[in-house]
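J.: model the following, please.
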Amino acid sequence: MIRNWLRNFMVGRYGPDQLYFALFFTAIILAIIASITGLGIISVISYLLLIIAFYRLLSKNIYKRRAENDRFLRFWWPVKMWFRNRFSRLKCSKTHCFFRCPGCRNVLRVPRGKGKIQITCPKCGQRFEKKT
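T.: Coordinates of the predicted model:
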């Protein structure tokens, strides 16, 4: 019965998206920090973020919320990919070396322990030598 009521209540509302989850988890982290440090301003900011997150969740202006989420994703995607690339490099750093092509600045991955090798960039075709 409660599930049907909630389903009927959410009909026509925007619901959760990536910006909602970012606001929600940031608010939770700030609330934990505020409880540890005892700073009131941080807890006020966390409450404001929670209010904004739930406002977006229950909003009926779907087009505006979608545009906000698109702007957030345009900002968040490069940050996410930067961290993903760093963790990927860290995972395979024992078996591979990473070099930048002097021509196009593309990051190239070559096997470690091969000595001095000639590397050809697949993007621009420039050749250069590096020691692995």
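J.: only C-alpha atoms from now on, for both contacts and neighbour counts.
T.: OK.
J.: could you chop this protein up by domain?
T.: Per the record, the chain has its domains at 2-91, 96-131, by automatic domain parsing.
J.: Throw those domains into JSON lines and include mean neighbour count and mean pLDDT, thanks.
T.: Formatted as JSON lines, the domains of the chain follow (neighbours: other CA atoms under 10 Å; pLDDT from 0 to 100):
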{"stretch": "domain 2-91", "mean neighbour count": "14", "mean pLDDT": "92"}
{"stretch": "domain 96-131", "mean neighbour count": "13", "mean pLDDT": "90"}
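J.: tell me the spacing between residue 18 and residue 65.
T.: 11 Å (CA to CA, to the nearest Å).
J.: shared neighbours of the two, anything?
T.: Residues touching both residue 18 and residue 65 (CA atoms under 8 Å, 6 or more residues apart in numbering): there are none.
J.: distance check, the residue nearest to the spatial centre of the chain against residue 72.
T.: Residue closest to the average C-alpha location in the chain (CA atoms, centre = their mean): residue 80, at 3.1 Å. Applying CA to CA, the value for residue 80 to residue 72 is 12 Å.
J.: C-terminal to the biggest helix by length in the chain, what's the next element?
T.: Criterion DSSP state H: the longest helix present in the chain is helix 62-91. Counting by DSSP states H and E, the next helix or strand C-terminal to helix 62-91 is strand 96-100.
J.: partner strands of that next one and their direction?
T.: According to DSSP bridges, strand 96-100 has the following sheet partners: strand 107-111 (antiparallel).
J.: now do the strand it pairs with against helix 62-91, angle only.
T.: 30 degrees (axes from the mean of the first three to the mean of the last three CA atoms, to 10 degrees).
J.: outside of strand 107-111, which residues touch it?
T.: 95-101, 121, 132.
J.: save these as CSV, and put in distance to residue 48 too.
T.: What follows is these, written out as CSV (distance: CA to CA, whole Å):
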residue, distance to residue 48
95, 47
96, 46
97, 45
98, 43
99, 45
100, 44
101, 46
121, 49
132, 52
